[in-house]
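Novice: Sequence unavailable; structure follows:
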C-alpha cells in the first residue's frame, strides 16, 4: 500500500542529510512493525522517497514522504501513530494518507530568520526586488556556477520579523534558500546576521499526461 506522509524536521534533526533522513525513516518504520516494499531488479531497494532534498541545517515543517508498505489494508491513522512513537526526537510525523496521483515538485516556501530588525529587512527586500537580476556563485564538485537567484525567487517579503520567500523549481534548475539569503545580504546596507532557514511548504503540481497516452476505462 502506497502512503504519503507529511513530516516536520526540527531541532538537531535538521542536521541530518537527505540520505541519513531516509535511513532514519526506514529504521523508524521497521521499529513500528512495518515492512517496506522492495523494488524489482538485480539490486532491490526500498520503495521510499522524500519529494525534495533538504539542505543540512535547514529545518522543515513540510517534508513529503512517499513509501510503499507491504500490505493492502493498512490504517493510515495507525501508521501515523506508530511512526510517531518510533521516530527520533526532532522528526515529527504530521499526517498520513493513501497516496494520490503522482505530482511534480514545483517549488518550496521558506522562512529566513535574521537577527536584523524588520525595517532593515524591508529595505533589503525592496532593494532585492528593484533589480532585474541577482547573481551569486555556487561552488560544487563540478566547479563554480553563476546562479541568478532573482529569477527563481523574485518576491521576498517580510512577515513576523523574518523574510518569507517562495523559490520556484524550473526546468533548468532552482536557487537554494541560503543563496537567497546571500543575495539579500548583498542588497542590504547593514549586516542582517546569519539566516536561520526553515522550509514552510513544498509545492507540487499534477504531473502532465504523456503525449499520446490513452485513458483506461
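Specialist: Received, thanks. Just so it is clear, the structure is predicted and the values come from calculations on it, not from any experiment.
Novice: which residues of this protein score low on pLDDT?
Specialist: 207-217 (pLDDT under 70).
Novice: what ranges do the strands span in it?
Specialist: Under the criterion DSSP state E, the chain contains strands at 2-9, 48-50, 59-68, 91-98, 103-113, 135-140, 143-148, 157-159, 162-168, 196-206.
Novice: Residue 119 is nearest to which of these?
Specialist: Nearest of the strands of the chain to residue 119, taken as Cβ to Cβ: strand 157-159 at 9.1 Å. (Each C-beta comes from the backbone N, C-alpha and C, glycine too.)
Novice: Could you list the buried residues of the closest one?
Specialist: residue 158 (16 or more other Cβ atoms under 10 Å).
Novice: what residues does it touch?
Specialist: 118, 121-122, 125, 163-165 (Cβ atoms under 8 Å, 6 or more residues apart in numbering).
Novice: hmm, back to that, could I get the strands of the chain as CSV with distance to residue 26?
Specialist: Below are the strands of the chain laid out as CSV (distance: least, Cβ to Cβ, whole Å):
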stretch, distance to residue 26
strand 2-9, 13
strand 48-50, 6
strand 59-68, 9
strand 91-98, 12
strand 103-113, 21
strand 135-140, 27
strand 143-148, 33
strand 157-159, 36
strand 162-168, 28
strand 196-206, 20
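Novice: and of these, who's closest to residue 37?
Specialist: Nearest to residue 37 among the strands of the chain is strand 59-68; the distance by Cβ to Cβ comes to 4.1 Å.
Novice: Mind checking the strands of the chain for the one nearest to residue 22?
Specialist: Nearest to residue 22, of all those, is strand 48-50, at 6.3 Å by Cβ to Cβ.
Novice: ok, now how distant is the most centrally placed residue in the chain from residue 152?
Specialist: By Cα atoms, centre = their mean, the chain has its centre lying nearest to residue 52, at 4.5 Å. Applying Cβ to Cβ, to the nearest Å, the value for residue 52 to residue 152 is 14 Å.
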